[in-house]
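Student: Take this sequence and fold it.
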Amino acid sequence: MSEHLTAEAFKEKVFNYDVNKEWKFEGEVPCLIDFYADWCQPCKTVAPILEELEEEYNGKIKVYKVNTEDERELAGTFGIQSIPSLLFVPMEGQPQMAMGALPKDTFVTAIKDVLKVEK
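Tutor: Residues are numbered from 1 along each chain as shown. Next up, the predicted model:
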């Protein structure tokens, strides 16, 4: 089950933007962050795909969810203007953002290419 992040949890588990000016990933495995809202239909389409991926990759990646309605400051920090927006966060290097309800095979490709994780 994907974990919902507040701004505080985000700073602890992903990136502490209050302390670091340069990107510094705080996690132990690569992650995928779903910026969503409860009313968003495409977000509802993506949610079960993300649940499946988290199970299939079994501990090799984490899937986090950020409710943009509840966490406006966090969404603003990342310049989220359309949802769903998905942030792929590798262990090394810069995270990459993708927008829209992507099909599962696109997620699998991005997990392999950006996060450098194979099933």
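
Student: give me every residue that touches the one residue sitting closest to the centre of the chain.
Tutor: Compute the mean C-alpha point of the chain, and by Cα atoms, centre = their mean the closest residue is Ile33, 0.9 Å away. Taking Cβ atoms under 8 Å, 6 or more residues apart in numbering, we find Ile33 in contact with Leu5, Val14, Val63, Tyr64, Lys65, Val66, Leu86, Leu87, Val89. Every C-beta, even on glycine, is put in place using the N, C-alpha and C of the backbone.

Student: any idea where the strands of the chain begin and end?
Tutor: 3-4, 31-36, 62-67, 85-89, 96-99 (DSSP state E).

Student: What pairs with the second one, parallel or antiparallel?
Tutor: Based on DSSP bridges, the strands next to strand 31-36 in the sheet, each with its direction, are strand 62-67 (parallel), strand 85-89 (antiparallel).

Student: quick one: contacts for the residue nearest to Ala7 when sequence neighbours are not counted?
Tutor: Excluding the flanking residues, the one nearest Ala7 by Cβ to Cβ, 6 or more residues apart in numbering is Leu74, at 4.6 Å. By Cβ under 8 Å, 6+ apart, the contact set of Leu74 is Leu5, Thr6, Ala7, Phe10, Val66.

Student: Next: Leu87.
Tutor: The neighbourhood of Leu87, defined by Cβ under 8 Å, 6+ apart, consists of Leu32, Ile33, Phe35, Phe78, Pro95, Gln96, Met97.
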